[in-house]
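# Pasted the sequence and its predicted model underneath.
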Amino acid sequence: MALSLIATACGDDGEDGTSTADAADVTEADATDATEADGAEATEADATEADATEDEGADATEADSADATEVSCPGTEPMTLRVAAIAGSRAMTTGLWLGVAEQAGILEEEGLTLDIVDFRASADVNNGLLSGELDMAVNGSGGIVATAQGGDVIGVGGGVDVSVWEPLINTERVTGWDDLAGKTVAVSSTSGVVWAVLGDLLAEQGLTHDDIDPVVIGSTFENYAALESGQVDWIPGAAPVNFIGEDSGFERLGYAPPGGEVPLFTSGYVSTTSGFAEENPEAVVRFMRAWIRTGQWAKDPANFERVVEIATEVSEVEESVARRSMELYLLGDVHSPYFLAEDGEINDESLTNLVDSMVRQEILEEAPSLDDLRTHEYARQAVACL
């Protein structure tokens, strides 16, 4: 408005014989401009006040939202959960981390007591969840099969989103990757994640499941016992079993054939049933909060030596075996990025890869949707409540 007034004054100065009427017109124009200016300024002031009011309202809304989020976080009142783990607390991709959570004091801080139930295979865990015998599980990915068959099992938290298995061979019977055909192999099942991983790894050698002779036995520890006894020629070994076997004279072939890639498959996760989660959301969030804290604590380099000590005790292995296993999972370039995710979520890419592989190998007839298999809801709420 100041620029407009200056321009008008300059124009009038340039004209000769200005009449009274002209002057009056100018005066009226000035008055009009002033009125408009006052109106505009008032409008701007009103708008500013309105904006301020809106900002205050937005701030209040955000504050209310933050308060609501804070209030919705569950507390730490004593709670007992029935939790399944393959091979109890010995398995380093599942149950071990429940032992770590206990010895690191995290379960006590969260007010949680876990009744850990030892199972041999994922299918048994799924049956326990579906029957109501269990509340939650730290399990292999067999829940995918249960869900595809109409079961209510759902993943609520990430554990391991990369393959952890490599062939552990009796060198008197098997010479290497190119000599697996026709040999006996101990497996936990022919319908789970290990079977899918084996199918993809065999394919890199030009082989299929039909080219090997599977013997369904049980957990990795039980399969290793079959290898030791000579019942089978090789097993898909995961830490700590592969390092135990290596120290006993068996040979590790690696997590992929030469020139191949380690499959990004969801190999272990936290699961429950949709029914339990919907009826007990606070219980699921509290477990996930403890689970996420455990992963963050374990992957802190300052705690590495303590983790090795706990793994040695809980998994009942030699210190050197525990150390190599923890170096693989917590420090290694291949596995660590996909192990105990900081946000507690299942990696959707790895889960999709696994489902696609299961369909391709006819373990599943069709692919369930990701939303049927997992939810990020509880992990995200747990992170917000850390």
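Perfect, thanks for sending it. Residues are numbered from 1 along each chain as shown.
# Helix or strand for residue 167, just tell me which one.
Using DSSP states H and E, residue 167 sits in strand 166-169.
# For the stretch 251-386 of the chain, give me the ranges with low pLDDT.
Nowhere does the stretch 251-386 of the chain drop to pLDDT under 70.
# ranges for the strands of it?
Remark: strands assigned in the stretch 251-386 of the chain by DSSP state E, counting those that start in this stretch are 251-252, 268-273.
# Can you tell me how far residue 169 is from residue 254?
Noted for residue 169: a distance of 11 Å to residue 254, by Cβ to Cβ, to the nearest Å. All C-beta atoms are positioned from the backbone trio N, CA, C, and that covers glycine.
# what about the two, which has more around it?
More neighbours surround residue 169 than the other of residue 169 and residue 254, with 25 against 13 (other Cβ atoms under 10 Å).
# Would you agree that one is in contact with residue 232?
No - Residue 169 is beyond contact range of residue 232, at 10.0 Å (criterion: Cβ atoms under 8 Å).
# returning to what we had before: tell me which of the strands of the stretch 251-386 of the chain sits nearest to residue 79.
strand 268-273 (14.3 Å; Cβ to Cβ).
# who's in contact with that closest one?
Here strand 268-273 makes contact (Cβ atoms under 8 Å, 6 or more residues apart in numbering) with 93-94, 125, 129-130, 135-141, 143, 152-160, 164, 284, 287-288, 291, 346, 374.
# What pairs with that strand, parallel or antiparallel?
Sheet partners assigned to strand 268-273 using DSSP bridges are listed as strand 136-139 (antiparallel), strand 153-160 (antiparallel).
# Would you enumerate the residues in contact with the closest residue to residue 303 other than its chain neighbours?
In this structure, residue 303 finds its nearest non-sequential neighbour in residue 297, 5.8 Å apart by Cβ to Cβ, 6 or more residues apart in numbering. By Cβ under 8 Å, 6+ apart, the residues touching residue 297 are 100, 104, 106, 303.
# Contacts only, for the second one.
By Cβ under 8 Å, 6+ apart, residue 104 lies in contact with 294, 297-298, 303, 306, 310.
# secondary structure class for the nearest residue to residue 151 once chain neighbours are set aside?
Distances taken as Cβ to Cβ, 6+ apart place residue 130 nearest to residue 151, at 5.6 Å, with adjacent residues excluded. Put simply, residue 130 is helix when judged by DSSP: H, G, I helix; E, B strand; the rest coil.
# Residue 130 and residue 154 touch, don't they?
No - counting by Cβ under 8 Å, residue 130 stays clear of residue 154, with 11.4 Å between them.
# Can you pick out the residue with more neighbours from these two?
Neighbour comparison, residue 130 and residue 154: the larger count goes to residue 154, with 23 against 16 (by other Cβ under 10 Å).
# which residues of the stretch 1-150 of the chain score low on pLDDT?
Along the stretch 1-150 of the chain, the model assigns pLDDT under 70 to residues 1-71, 87-89.
# quick check: domain ranges of the chain?
Using automatic domain parsing, the domains assigned to the chain come out as 2-72, 79-162+265-384, 166-252.
# could you redo those domains as TSV and give each row distance to residue 258?
Formatted as TSV, those follow (distance: least, Cβ to Cβ, whole Å):
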stretch	distance to residue 258
domain 2-72	51
domain 79-162+265-384	15
domain 166-252	7
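# excluding its backbone neighbours, what's nearest residue 360?
residue 199 (8.0 Å).
# Residue 178 now?
Excluding its sequence neighbours, the residue lying closest to residue 178 (Cβ to Cβ, 6+ apart) is residue 205, at 6.3 Å.
# What residues does the one you found make contact with?
Counted by Cβ under 8 Å, 6+ apart, residue 205 has contacts 177-178, 180, 257.
# Could you look up the SS state of it?
Residue 205 ends up coil, using three-state DSSP.
# For it, what are phi and psi?
Backbone torsions of residue 205, given as degrees, to the nearest 10, read phi -100, psi 10.
# ok so, going back, buried stuff in the strand holding residue 167?
By neighbour count on 16 or more other Cβ atoms under 10 Å, the buried set for strand 166-169 is 166-169.
# Redo the residues you listed as a markdown table? Include pLDDT and distance to residue 209.
Output for the buried residues of strand 166-169, formatted as a markdown table (pLDDT from 0 to 100; distance: Cβ to Cβ, whole Å):
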| residue | pLDDT | distance to residue 209 |
| --- | --- | --- |
| 166 | 97 | 17 |
| 167 | 98 | 14 |
| 168 | 99 | 18 |
| 169 | 99 | 18 |
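# picking that back up, what subset of the contacts of residue 205 is buried?
Using 16+ other Cβ under 10 Å, the buried ones in the contacts of residue 205 are 177, 180, 257.
# between those, which is nearest residue 225?
Distances from residue 225 to these, taken as Cβ to Cβ, are shortest for residue 180 (20.4 Å).
# What residue, apart from its backbone neighbours, is nearest the closest one spatially?
Nearest non-adjacent residue to residue 180, counting by Cβ to Cβ, 6+ apart: residue 212, 6.1 Å away.
# Looks like the one you found contacts residue 187 (just checking).
No - at 9.3 Å, residue 212 and residue 187 do not qualify as touching, with contact defined as Cβ under 8 Å.
# The nearest residue to residue 293 once chain neighbours are set aside: what's it in contact with?
Using Cβ to Cβ, 6+ apart and skipping residues adjacent in sequence, the residue nearest residue 293 is residue 106, 5.1 Å away. Shown in contact with residue 106 (Cβ under 8 Å, 6+ apart): 290, 293-294, 297.
# Relative to residue 241, which of the residues you listed is nearest.
Using Cβ to Cβ, the contacts of residue 106 come closest to residue 241 at residue 294, 22.1 Å.
# burial of the closest one, as a residue count?
For residue 294, the neighbour count with other Cβ under 10 Å is 22.
# Quick check: which element contains the nearest residue to it once chain neighbours are set aside?
Computed as Cβ to Cβ, 6+ apart, the closest residue to residue 294 that is not its neighbour in sequence is residue 101, at 4.2 Å. Assessed by DSSP H and E, residue 101 sits inside helix 96-103.
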